[in-house]
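>>> Give me a 3D structure for the following:
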Amino acid sequence: MTLAAPVHDRGVTTLTLDSPANRNALSARLVSGLAEALDGCAADDTVRAVVLTHTGNTFCAGADLTAPADPHDFVALMRRIVTLPKPVVARVTGHVRAGGLGLLAACDISVAGPDSSFALTESRLGLAPAVISLPLLPRLDPRAASRYYLTGERFDAAEAARTGLVSLAAEDVDKALVPVLDGLRRASPQGLAASKELVTATVLETFDQYAEDLIARSTALFASDEAREGMTAFLERRDPAWLL
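Model (predicted):
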């Protein structure tokens, strides 16, 4: 199983990433399942907004290194979130790594709790945050992007909010979501769709302009000898050859 059954509550549908065996990593199966669920929400007139959350202590661990999704499919998923005519709200109470930050950045609103943490770990594997830059760089503070893209450091929810990665850091995520979801329920479907178009225009332009180039970069990096060493070292729980 990669997704729990959707839960509907007064116009809000909750989609839950539920693949604990790989910490909700971006496998081909999870990406296709989430895309299908989002399409179902788009077609359902009773759905006003979508909440994207997770089971376990990890929202998303990034790419599934044993069964990765095709980068075209992952880019299409992130673009689907950005262009969905209904707001997508991320509820994060666990860890987010690498490609998971792209999934998070594609969402319109996000609330992260005190047990959440974030890291762009690609550089430590011989990779780069290539395709996830499409939604991430338009939202993230440029100086913070420079630091965390390069160092792979872990940071907390407060820093994620300060840098623009998430909308809000909260001690009680569900309590913080109450006024957010109430506001979305009060809005008209047309008003939500038109307003979302305005605030996602720059992100969508980035997809249209850079997606193919970044997919090519990502593919080349994953196929490189250095990345193979980095990913193998990660899976074998050892230091990579380049560690000083």
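>>> Kindly provide the distance from R91 to L184.
To L184, R91 is 13 Å away according to CB to CB, to the nearest Å. In short, each C-beta sits where N, CA and C put it, glycine included.
>>> ugh, wrong one, E122
Counting by CB to CB, the gap from E122 to L184 is 33 Å.
>>> ok, those two, which is more surrounded?
Of the pair E122 and L184, E122 is the one with more neighbours under other CB atoms under 10 Å, namely 24 against 20.
>>> residues contacting that one?
Contact analysis of E122 by CB atoms under 8 Å, 6 or more residues apart in numbering lists G62, A98, A128, P129, A130, Y149, G152.
>>> Quick check on it: phi, psi?
phi -60, psi -40 (degrees, to the nearest 10).
>>> go on, the one 5 residues further on?
Phi and psi for L127, reported as degrees, to the nearest 10, are phi -120, psi -170.
>>> for the helix ranked longest in the chain, packing partners?
Determined from DSSP state H, the single longest helix within the chain is helix 189-222. Contact analysis of helix 189-222 by 3 or more CB pairs under 8 Å, 6 or more residues apart in numbering; DSSP states H and E lists helix 71-83, helix 133-136 as its packing neighbours.
>>> the helices in this protein, which residues?
28-43, 71-83, 99-106, 133-136, 142-151, 157-162, 173-186, 189-222, 225-235.
>>> Alpha carbons only: can I get the second one in CSV?
So the one you mean is helix 71-83. Only the C-alpha atoms of helix 71-83 are listed here, as CSV (Å, rounded to 0.1, in the frame of the first residue of the first chain):
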residue,chain,number,x,y,z
PRO,A,71,11.7,11.9,-13.3
HIS,A,72,9.1,12.8,-16.0
ASP,A,73,6.4,11.2,-13.8
PHE,A,74,7.6,13.0,-10.7
VAL,A,75,7.7,16.3,-12.4
ALA,A,76,4.2,15.7,-13.7
LEU,A,77,3.0,15.0,-10.2
MET,A,78,4.5,18.2,-8.8
ARG,A,79,3.0,20.1,-11.7
ARG,A,80,-0.4,18.5,-11.1
ILE,A,81,-0.3,19.8,-7.5
VAL,A,82,0.5,23.3,-8.7
THR,A,83,-2.2,23.3,-11.4
